[in-house]
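Peer 1: quick one: sequence plus predicted model below, questions after.
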Amino acid sequence: MKNTVIFLLIIGFILPGLRSAAQPTLTFKMDNPRIFRGGSPVQTRFQFDVFVKASADSTYLYATQLAFSVANSSNFLMTGSSLKCDISGGFLSGGNYILPAGITWAPDNTGFGVGISLDAFNLGGSNIEDVCAIVTTSYQKIATIAIGISNPSGVAGMAGIAFNPTQMSAGFGNTQQYALFGELVIPPQHFYNSPNLFSGHDFSDIYLGRIYSSAWGWSQYTTKSGQNTVWATAMNTSVWDTLAAAATIDTAGSKAIALRIHPGARLRVRTGRDLTCTGVTEINEAQGLWIASDATGTGSFIDNGTISYNSPGTARADRYFSQGMWHYWSMPVNGSSAAPFAGLYVRWYDEPSHLFLQITSGGYNLAPTAGYIVWSAGANTTRGVSGFFNTGLVATPTLTSTLVSPAVYDGYNLIGNPYPSSLDWAAAGWDRINVEPVKYSFNINQYQTYNAVTGESTNGGDQFIRPEQGFFVHVTDNTSGMVTFSSATRLHTTGSYNKRSGGLSDQLILTATANGIEDEAHIVFNKSATPNFDPDYDAYKMTGSSQAPNLYSRLPGGIMAAVNWLPRTGSGQVIPVGFTCGLSGIYFLTASNLSSFNTPTQIFLEDIKENTIQNLATNPVHHFTYSAGEAPIRFLLHFSAAILGLGEAAGESIAVYSFGELVYVKILTPGEIRGNLRIYDLSGRQVFGGLLQNLSLNRFRPLIPGGLYLVKIETGSTVISKKVFIGER
């Protein structure tokens, strides 16, 4: 009651001096929220600052009452020691003001109040500013409030702290709030319970687990003040305000339960960093959630809950484009025009015409799940699209397979990752209708492949589809198809994307090297495969840039395959291998993964142009000269039955077989063998004869009409005869 009596005496003394004047208003706001952990004993408190401004100059504060309501008091410690108020550091900290009533909870625990008044009530003197603090027309900090946190999660993670306008107008605990307005003379004009305004910016929906404010940076319930935020712990998170610079995610593997980006705030996921939210992500600011990109890569975001956008809330995703090369890009938001790409070349792929078509209008609507190629001619640049992040099931439009001559590019459709995170092409959750399980991703000069069924890859390809990455898929011939993306396939990838395929049995990897660029062709023997193109196993060859080598094996029908799975057919199996490049020069062909075959590893490479044969087990690198435009089928690969796991007949040491117009004799056992080869037609007439050299593989070109012949090998005491079909010259 002591304070009440003093206030009444002052009121009674001043009332006679009242004069009519424009009544000023005070506007209050809350700001700078943070979580403070410290003290002895250690306690975690929610802290914030209270600010005030006046509607007119020459307004002075005499005494005030700050009153707050609390929506859910179970979030806080309901004891007096848990409540703190500090007026130092604000405009009242000059020494004249005290907290006569302290800071106390309301009797029903639904709010609390703070009384602030002058230390002395002497208004004597000729200048009121000697006693009272002036309230400017710009916001000034009046006090810092600290409240102990008992439940960092709370009900839906909400703190529920707001001003109590009724108490601040009518008084709280019989303490009046009023301001003084004067002309720097006595008596000043006094306004009791002057109308108060409130900015509307309060903590009715702030989370108490982790908070970012521009004044304090990140603070968290589980860490002491000044320590780094622990993003590995999933917590309810609020981004309160960010002014010019966005709050950033600087840690890989960052987690949040619920995420609220408040009005006036932005959260940026830096390059190489990632964020996963398991609850509700609420965005209340334009481009509030921002995925960054630079020359080293792109950030990543996964919502394993839901995303809510409150106007003007949107998300933004950037992509870095280095100059002078095509980038395969896709859109992670629900829709955007091509306007953000003004000054760049942007093209889409039209499967029926087998052509990339230029987008010439900034009003062109870019579509999720579509793939685009983007070229920056002038300089490196970063561009971004804004909208709502794609989530859940997202399906492509109908994909086509249109027959055009030549048919080498029939059925290729350029699609793209619709999410702001990577995807696992081998994960469960994909729905590929009439679409083969191989993806084709362009990497600077060459296409990388990855097969979701076999795990086979070429040119460093892997199972991951990066954020905002476009890639090709192939629709089964003469059908239409569709790919449905699923949230279940999303993940954050770390480290290098370049992984070499290996680990399969009976798998040969050939690598051609030219102009500092490599290209791979894979041959895999498997009893489930066929000699023709197998959609579940094989991968077509997509040629790269003009200076890049292109290596492939040829299937029946002239199909070029980057990956060729085929069955084991006999003791002499021959596979044609093609090579092309836009530049002439000296190139290298290297065989690897030979240890995946049964021993002894007798695999031979025949260079048709240079008329040479080498054993890849003893010499896995072949140097050759290539002239641009020459016949593409340059090499033949020879495999023995022993290598392929097929047993030879007892005592058999020589294999005889043909390929086209050529006849081959392969020595299957170690040792020196010399002899004669004779070829007879079906009437028994000898049509060709030759000497068998002491080589592992002998080749003969008999230059006879195509047909069925009997080949007889004589090596001293051994005579071997076998029928072979010799092709036309």
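Peer 2: Yep, it's here.
Peer 1: confirm that G557 sits in a strand.
Peer 2: No. Per DSSP: H, G, I helix; E, B strand; the rest coil, G557 lies outside any strand segment and is helix.
Peer 1: which element is the nearest residue to it once chain neighbours are set aside on?
Peer 2: Distances taken as C-beta to C-beta, 6 or more residues apart in numbering put N532 closest to G557, at 7.4 Å, once the chain neighbours are dropped. Yep, even glycine has a C-beta here, placed from its N, CA and C like the rest. Counting by DSSP states H and E, there is no helix or strand that carries N532.
Peer 1: wait, what's in contact with N532?
Peer 2: L555, P556, G557 (C-beta atoms under 8 Å, 6 or more residues apart in numbering).
Peer 1: got those as CSV, with distance to D130 and pLDDT columns?
Peer 2: Formatted as CSV, the contacts of N532 follow (distance: C-beta to C-beta, whole Å; pLDDT from 0 to 100):
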residue, distance to D130, pLDDT
L555, 98, 93
P556, 102, 91
G557, 100, 88
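Peer 1: filter those residues down to the buried ones, PyMOL style.
Peer 2: Restricted to buried positions by 16 or more other C-beta atoms under 10 Å, the PyMOL selection for those reads:
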select buried, resi 555
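Peer 1: and the gap between the residue nearest to G557 and G660?
Peer 2: In this structure, N532 and G660 are 19 Å apart, going by C-beta to C-beta, to the nearest Å.
Peer 1: before we move on, what about L691?
Peer 2: 22 Å.
Peer 1: next: F51.
Peer 2: 89 Å.
Peer 1: more crowded one of these two?
Peer 2: F51 (20 against 15; other C-beta atoms under 10 Å).
Peer 1: can you read off the pLDDT for the nearest residue to the more buried one once chain neighbours are set aside?
Peer 2: Distances taken as C-beta to C-beta, 6+ apart place Y139 nearest to F51, at 4.1 Å, with adjacent residues excluded. At Y139, the model reports a pLDDT of 96.
Peer 1: got a list of what Y139 touches?
Peer 2: Counted by C-beta under 8 Å, 6+ apart, Y139 has contacts K29, F51, V52, K53.
Peer 1: what's the burial count for the first one?
Peer 2: I take that to be K29. 17.
Peer 1: cool, and the one 4 residues further on?
Peer 2: As a burial measure, P33 scores 26 neighbours (other C-beta under 10 Å).
Peer 1: which element is it on?
Peer 2: strand 26-38.
Peer 1: counting by contacts, list what that strand packs against.
Peer 2: Secondary-structure packing of strand 26-38 (3 or more C-beta pairs under 8 Å, 6 or more residues apart in numbering; DSSP states H and E): strand 43-54, strand 59-70, strand 161-163, strand 196-198, strand 210-213, strand 217-220.
Peer 1: and of the ones you listed, who's closest to L83?
Peer 2: strand 43-54 (9.1 Å; C-beta to C-beta).
Peer 1: give the buried residues for that closest one.
Peer 2: Buried, per 16+ other C-beta under 10 Å, within strand 43-54: Q43, T44, R45, F46, Q47, F48, D49, V50, F51, V52, K53, A54.
Peer 1: flag the least confident of these.
Peer 2: Q43 (87).
Peer 1: so who does that residue touch?
Peer 2: Per C-beta under 8 Å, 6+ apart, neighbours of Q43: R37, L77, S82, G148.
Peer 1: need those residues in CSV with pLDDT, can you?
Peer 2: Output for those, formatted as CSV (pLDDT from 0 to 100):
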residue, pLDDT
R37, 86
L77, 88
S82, 86
G148, 91
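Peer 1: next, count neighbours for K541.
Peer 2: With other C-beta under 10 Å as criterion, K541 counts 26.
Peer 1: quick one: find the helix or strand in the protein with the lowest mean pLDDT.
Peer 2: Least confident helix or strand of the chain, by mean pLDDT, DSSP states H and E, is helix 2-14 with a mean of 28.
Peer 1: re earlier: nearest to A246, out of the helices and strands packed on strand 26-38?
Peer 2: strand 210-213 (9.5 Å).
Peer 1: same for that closest one, what does it pack against?
Peer 2: Using 3+ C-beta pairs under 8 Å, 6+ apart as the test, strand 210-213 ends up in contact with strand 26-38, strand 217-220, strand 235-239.
Peer 1: tell me which of the ones you listed sits most buried.
Peer 2: Mean neighbour count, computed with mean count of other C-beta atoms under 10 Å, is highest for strand 235-239 among the helices and strands packed on strand 210-213, reaching a mean of 26.
Peer 1: direction included, what does that strand pair against?
Peer 2: According to DSSP bridges, strand 235-239 forms sheet pairs with strand 210-213 (parallel), strand 254-261 (parallel).
Peer 1: could those strands go into TSV alongside mean pLDDT and mean neighbour count?
Peer 2: Converted to TSV, those look like this (pLDDT from 0 to 100; neighbours: other C-beta atoms under 10 Å):
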stretch	mean pLDDT	mean neighbour count
strand 210-213	95	27
strand 254-261	96	24
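Peer 1: can you put these in CSV and add distance to A338?
Peer 2: As requested, those are exported to CSV (distance: least, C-beta to C-beta, whole Å):
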stretch, distance to A338
strand 210-213, 34
strand 254-261, 27
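Peer 1: which among these is found nearest to G706?
Peer 2: Here strand 254-261 is closest among the strands paired with strand 235-239 (C-beta to C-beta), at 68.6 Å.
Peer 1: looking at this, P340 is in a strand?
Peer 2: No. Counting by three-state DSSP, P340 is not found in a strand; it is helix.
Peer 1: which of the buried residues of strand 43-54 sits closest to L259?
Peer 2: Nearest to L259 out of the buried residues of strand 43-54 is F46 (C-beta to C-beta; 18.0 Å).
Peer 1: so that closest one touches P33, yeah?
Peer 2: Yes. Taking contacts as C-beta atoms under 8 Å, F46 lies within contact range of P33: 7.0 Å.
Peer 1: what lines up beside the strand holding P33 in the sheet?
Peer 2: strand 43-54 (antiparallel), strand 196-198 (parallel).
Peer 1: so which of those is nearest I633?
Peer 2: strand 43-54 (73.6 Å).
Peer 1: what angle do the strand holding P33 and strand 59-70 make?
Peer 2: Put simply, strand 26-38 runs at 60 degrees to strand 59-70, going by axes from the mean of the first three to the mean of the last three C-alpha atoms, to 10 degrees.
Peer 1: how about the CA coordinates for strand 26-38, as PDB?
Peer 2: Output of strand 26-38 as PDB, limited to C-alpha atoms (Å, rounded to 0.1, in the frame of the first residue of the first chain):
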ATOM      1  CA  LEU A  26       3.000   5.500 -26.000                       C
ATOM      2  CA  THR A  27       3.700   2.500 -28.200                       C
ATOM      3  CA  PHE A  28       5.200  -0.600 -26.800                       C
ATOM      4  CA  LYS A  29       6.800  -3.600 -28.500                       C
ATOM      5  CA  MET A  30       8.700  -6.800 -27.600                       C
ATOM      6  CA  ASP A  31      11.900  -7.700 -29.400                       C
ATOM      7  CA  ASN A  32      15.300  -9.400 -29.300                       C
ATOM      8  CA  PRO A  33      14.200 -12.800 -27.900                       C
ATOM      9  CA  ARG A  34      16.900 -15.200 -26.800                       C
ATOM     10  CA  ILE A  35      17.500 -18.100 -24.400                       C
ATOM     11  CA  PHE A  36      20.000 -17.600 -21.600                       C
ATOM     12  CA  ARG A  37      21.500 -20.500 -19.700                       C
ATOM     13  CA  GLY A  38      23.700 -19.700 -16.700                       C
END
